[in-house]
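3D, please:
(2 chains)
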Amino acid sequence: MEHHKSRMGYTLCMLTLFMCGAVLFLIGFFPASYSASEEEKSIPNDRPTTLHGIKLEPPPPSYDSFILFLVDALREDFPSATSMPVAFARACEKLTLHVDIPTVTMPRLKSITTGTLSNFIDIALNVGHTEQLEDSLLHRLKQRNRVVSFAGDHTWANLFPSEFTRRAENNDSFFVNDFYEGDRNVTKVLESELEMNDWSLLILHYLGLDHIGHVEGNESPKVQHKLKEMDESVQKILDHRNFPNYLVLLTGDHGMADGGGHGGNTPAETLVPLYLYSKNCSKPSSGSKRYNQIDLAPTLAVLLSVEIPSLSIGCLIPEMLQSLSLEHEMYAYFYNAHHLLNKARVKFGHEKVRRSDYYTWYQNATLLHRQLLLPLRDGDGSGTSQVLYQNAKLNYIRLSREISGLLSESLVKFDYGFIVLGLSLTTATSLHIVLSVLFLDITDQLKLDSLKAGQLLVCTAMAAVLNVASHIFDIIFTSSMLYSILIVVPLALSIYITFDVAQALLKIALPPVYTRRLKLSIPLPLPLLVCFAIRTFTLGSSSFIEFEYKTWYYLGNTLILFTALRTLRRRITKANVELDGRHLHKIAYTCLWQQRKIFVVLILLTLMRYLHRFHAIRSTLMLFSLMLLWARLRKFSQLPQSIASGAAFIVVYCYRGLNGQVQFFELPPYLTSRIMVPTLVIFWCCLALVLVLGYRAALPQTRLDKRFDEMPPKNVLLQLLQANLTSSLLLAALLQKVQNIILLPTLLIALDETYKLCDAFGTSARKFSVRLVHVYKIIMTIFVARMFYFYQGNSNSLSTIDLTPGYIGQTSYNPAIVALFVTLNTYSAEIHSFLYLIVHTLRSDLRSVGIMQLQPPYSIAADSLVAPLYASLVMLPAAFYLCLMVGFRYHLFIYSVFSPKVLYDCYTVLVFYFVFLITSLYFKLFKQDA
Amino acid sequence: MVSRFDQQKTKHQLFHVSLSLATILICMTYMQYRRNWAYLGNFWDSLVVPIVFIGELLKVVLARFYGRIEDGVLTVKQRQKKAAYFTARELAGGFTLQFLCTLLYAFSCIIFGAPVLGNYEETFVLSLLMTLLTVSPTVFLLGGGGALQVCFCEKPDFVTKCEDTALNLFKYNALGGILGAWAGSVVAPLDWGRDWQVYPIPNIIGALLGSAMGNIYACTHVLYATARVYMTKKRA
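Numbering: from 1, shown residues only, chains lettered A, B, ... in the order given. Below is the predicted model of the structure:
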């Protein structure tokens, strides 16, 4: 009746399929290039030259030189009279720009240069790979052989490899530890360019502020210092003698969140200033008006006298057109309106446009414009009517706004074929694994966990038919033959799994008589179920996603406290039965004292919430936590191994000390920079030593002397996994922020005590069930891991990803290592909890808590129950959330709240997938018991 | 004889339930009268705790009132217990128990995310209310030692039938109150920006509503049982 065959392979298959489904879903939900499918050719590229029979002249450039002064992460309240005195006092116009999400650099640069919105998935492209643009302001400038010079962020060079006449980009825009070097180079370029004075557009992109924000937060004193430096650069431009006729735009690509990161949707991130400087400016208007960042592209195009980029859907910024003559200004409005109307015609069709309000506005505006132009053409400019002018302008502006808004909305386009495919694959997979974990009998009957060739063949045939049919009826679009054939694979697999699930569900539901119903093969205690259900269903609310950590803290603590109190009550009752009501308070006191540790853990868990306040004592805290961690690791390592890990911890402290983050010997700076790399080399040596020692202790008996094979074979696996856990904890100690290191030993302590509590709870029950203990431990692990994940400072907003650990010991930007380190740091709690759960299951022995009945053996469940159940509990909420996403696809917060969460969720499953893959490999290779 | 005794029990139960519901109704009326709920977390400014306290006392008095019928048929142990009700030892025990319980509730509040020291008054009021809803009635009825035994023994032999009825009903009250206060936190993360979303208010109201729900559940049980007895009698 009891099944103990390993189900690692099956679980791995299911996880793989789930990941495939999730990737398909993401492809469908965030189409990577929506603009490619649009027919752009039908939009005329040239500027219009006639208006109702009157010939129009495109105006010449209105300024000789333009400088785009871009400060990365310059948020709206940063420039002020105290922080940037010159820039603040001498600005002609102070406007506010609204930035669209995602608030990361690459999509923002696209918006500034092309005037279109970016896709959410651009975030993924922001780190690492970038695509080249087809058309932008810079392309148009290049066509006219105008000189464009650039200095600053490397991202520009990726976006525009050949559009700049001269360029001086930084080497690494992602190397966040560089605060000053890159900016100094940009200023140098600025000085030389000011002398040359042959360009029409100069782009400067300063990165230092963003880096300071990422590493030290927005409150850092370095921010003010940096702003002063920016101010000096602005002053250099304004005071330079070479420029009679210039326009300087000081703006930021995105803002900065309160923690110092960016990527989210808070006003601090989405509002940036736009300050304009020119020689003869009118008096600045007092009210700060707000425009969109995409409005920059068409406005600059008009001012530079080039065509508006074909993708642009922005309006014009009236404040920037004030220097133009009346005729040129009207031409600019007309041109942009004309452009937008053409875009609307392509997008919505001629018929719909003709029936719309904005079309009438357009006709009104052009007629008024014509009336305005007629007296001008006759020679005397005095007869222009202000009424006509204002009226035409107003009509142009409102029609542009309207079309711009409509076009922005319509950019959201979903690929339903992929969405359905991905969704069916993920949902079916997670249901499949849940069913096979819950109902072992059905799994046996239907052979759910082994591949059935016949069924697969039938499913493939069905998938092929379905694929052809949906191609004929245009449900699925694919760009090439290869893709359309490849689609058969996920289609076949999802049909296969759906078929299995349907069969299993039918079996479960078919005998409607209650007594003949199939029994669950694992117990599902109500409190766990309720907490898990609450955790799953609160994903449907945007505020619960924003404050997800509250849910986890609340539910996790509830579970622990509830279990502790129930255990306490059971123990007291049990002790009381023998004593028959006498000395009850003494018994209660004794039992409470026995359980003191779990209450200490609860207090610790509460304290961890206030971790960010311990900044002042971080040196002490770090020493203490390293010692604590070492003492914890001492439990599962021999002496040489723990000496090595102790050395590694000392090196970690030295490294932080050299960086100036904790108290350390005062060393001269040149020495510090020289010692830094050897320190890290020592750390890596220690880490390797720990790993090698651990493996050596585990493996020799297979090689040397088989006769003295005293260790049971399972211990090999256990020791290897322990060595892995130890070294990964060491690495995490290096990567974590200084005050976060305390989380590592606390996590181990909390998990340990929780497991003890679960054991006690299981043994105090009237009927002991091994599976119940397992289920409790698994769910507790998930909750505790998630709590620590949030203690660390993570959230569901992309702005809290801590990029700093990716650069520890690196001198250049290496995407693979950065990604690995950042992932290890961000998900350290979840990775270590899972590893610790497996190690605990393998090594624990219920004899210690007084259970002699070891049938079935406790530790054998590691790969037959613990891993599959854990995987299914990770997958099920993610699948549920993907379903929710489809329902919420037109929700107001879809891009700001729900989409980052879906990326996080899928990434969590991916991380779990890799951890699981490695663990199951070890199981496959080293588990030797038959 | 049996039917008459049953009738007494049903009457007791119904009176008990209506007392609890009335208490909560009075609380709600009082809150409605005061309009602004921000005072709910204040110890000296809020009448909710005294109202609930009086309500619980009345329930105990009710149990005593119905209990006087069985005075003649008490066992020795029950008699002893009754005699020791007002001794200093029992009083001190009861007081200590309630105090510890309040501490436990305050601890849980902080564990669940209440500010550690910032809102100590609100936490105190909430834990006082929780104690009043859960432990106090039992302590008032049986004294400190008795309450402990009821909590941790299968079936203590000093409990009279009438007390047993009351204890059963207290159980619903307590469970409802705990669940309600726990579930009340659900509004905390929501971004509605209402002034009643501030920390102790949803939990206090949740506790009151929860105990009301518990009482309504108990009431339906009682009515259902009575109706079944009535139907079988009629059929017979």
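
confidence score at residue 121?
The chain I'm using is chain A. Looking at residue A:121, its pLDDT is 61.

meant chain B, my bad for not saying
88.

what separates it from residue B:104, distance-wise?
18 Å (CB to CB, to the nearest Å). No exception for glycine: its C-beta is placed from N, CA and C like everyone else's.

Name all residues that make contact with residue B:19.
Neighbour list for residue B:19: B:55, B:58, B:59, B:62 [criterion: CB atoms under 8 Å, 6 or more residues apart in numbering or on different chains].

Return the residues of chain B in contact with chain A.
Proximity of chain B to chain A (CB under 8 Å from any CB of the partner chain) is limited to residues B:108, B:110-113, B:116, B:145, B:148-149, B:151-154, B:156, B:182, B:185, B:188-191.

Recalculate using a threshold of 6 Å.
Counting by CB under 6 Å from any CB of the partner chain, chain B comes close to chain A at B:111, B:112, B:113, B:148, B:149, B:152, B:153, B:189, B:190, B:191.

Out of those, which end up buried?
B:111, B:112, B:113, B:148, B:149, B:152, B:153, B:189 (16 or more other CB atoms under 10 Å in any protein chain shown).

Lowest pLDDT pick from those residues?
Among those, residue B:153 carries the weakest pLDDT, at 76.

Looking only at neighbour counts, state which of residue B:121 and residue B:104 leads.
For residue B:121 and residue B:104, the more surrounded residue by other CB atoms under 10 Å in any protein chain shown is residue B:104, and the numbers stand at 16 against 13.

Which of the buried ones among the residues of chain B next to chain A fall within helices?
B:111, B:148, B:149, B:152 (DSSP state H).

Output the residues of chain B next to chain A in a markdown table, with distance to residue A:905 appended to each entry.
Shown next, in a markdown table, are those (distance: CB to CB, whole Å):
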| residue | distance to residue A:905 |
| --- | --- |
| B:111 | 28 |
| B:112 | 25 |
| B:113 | 24 |
| B:148 | 47 |
| B:149 | 50 |
| B:152 | 44 |
| B:153 | 48 |
| B:189 | 18 |
| B:190 | 21 |
| B:191 | 21 |
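
Please name the residues that touch residue 201.
With no chain named, the answer covers chain A. Taking CB atoms under 6 Å, 6 or more residues apart in numbering or on different chains, we find residue A:201 in contact with A:66, A:148.

meant chain B, my bad for not saying
B:37, B:40 are the contacts of residue B:201 under CB under 6 Å, 6+ apart.

Now name the helix or strand holding it.
If you go by DSSP states H and E, residue B:201 is part of helix B:200-235.

Residue of the stretch 1-150 of chain A closest to chain B, please.
residue A:101 (17.8 Å; CB to the nearest CB).

Quick one: check the longest helix anywhere in chain A for contact with chain B.
In chain A, with assignment by DSSP H, the single longest helix is helix A:548-579. Yes - on the criterion CB under 6 Å from any CB, helix A:548-579 is in touch with chain B at A:550, A:553, A:554, A:557, A:572, A:573, A:576.

Quick check: the last one vs residue A:595, distance?
With distances taken as CB to CB, residue A:576 is found 16 Å from residue A:595.

cool, and the third one?
Between residue A:554 and residue A:595 the distance, using CB to CB, works out to 21 Å.

next one: residue A:671
52 Å.

Comparing these two, which residue is more hemmed in?
Neighbour comparison, residue A:671 and residue A:595: the larger count goes to residue A:595, with 18 against 10 (by other CB under 10 Å).

pLDDT value on the more buried one, please?
Note on residue A:595: pLDDT of 89.

The host helix or strand of residue B:184 packs against which elements?
Applying DSSP H and E as the criterion places residue B:184 in helix B:161-184. Counting contacts by 3 or more CB pairs under 6 Å, 6 or more residues apart in numbering or on different chains; DSSP states H and E, helix B:161-184 is packed against helix B:2-34, helix B:48-67, helix B:120-134, helix B:200-235.

any idea how far chain B is from residue A:792?
18 Å (CB to the nearest CB, to the nearest Å).

And for that residue, the neighbour number?
Neighbours of residue A:792 under the rule other CB under 10 Å: 22.

what sits against it?
residue A:740.

again, only this time at 10 Å
A:608, A:611, A:736-737, A:740, A:743, A:747, A:800, A:802, A:825-829 (CB atoms under 10 Å, 6 or more residues apart in numbering or on different chains).

that older thread, quick one: mean pLDDT over the longest helix of chain A.
Mean predicted lDDT for helix A:548-579 stands at 88.

Which of the residues in it are classified as buried?
By neighbour count on 16+ other CB under 10 Å, the buried set for helix A:548-579 is A:548-561, A:563-564, A:567-568, A:570-573, A:575-576.

again with stretch A:73-92
A:73-76, A:78-79, A:83-84, A:86-88, A:90-92.

How about stretch A:639-654?
In stretch A:639-654, counting by 16+ other CB under 10 Å, buried: A:641, A:642, A:644, A:645, A:646, A:647, A:648, A:649, A:651, A:652, A:653, A:654.

Need the outlier residue of chain B, farthest from its centre.
Using CA atoms, centre = their mean, the residue of chain B lying farthest from its centre is residue B:236. It sits 38.3 Å away.

can you list the weak-confidence ranges in chain B?
Along chain B, the parts satisfying pLDDT under 70 run over B:1-6.

let's go with 80 and repeat that
B:1-7, B:69-86, B:153-158, B:191-194, B:236 (pLDDT under 80).

helix, strand or coil for residue A:95?
Three-state call for residue A:95 (DSSP: H, G, I helix; E, B strand; the rest coil): strand.
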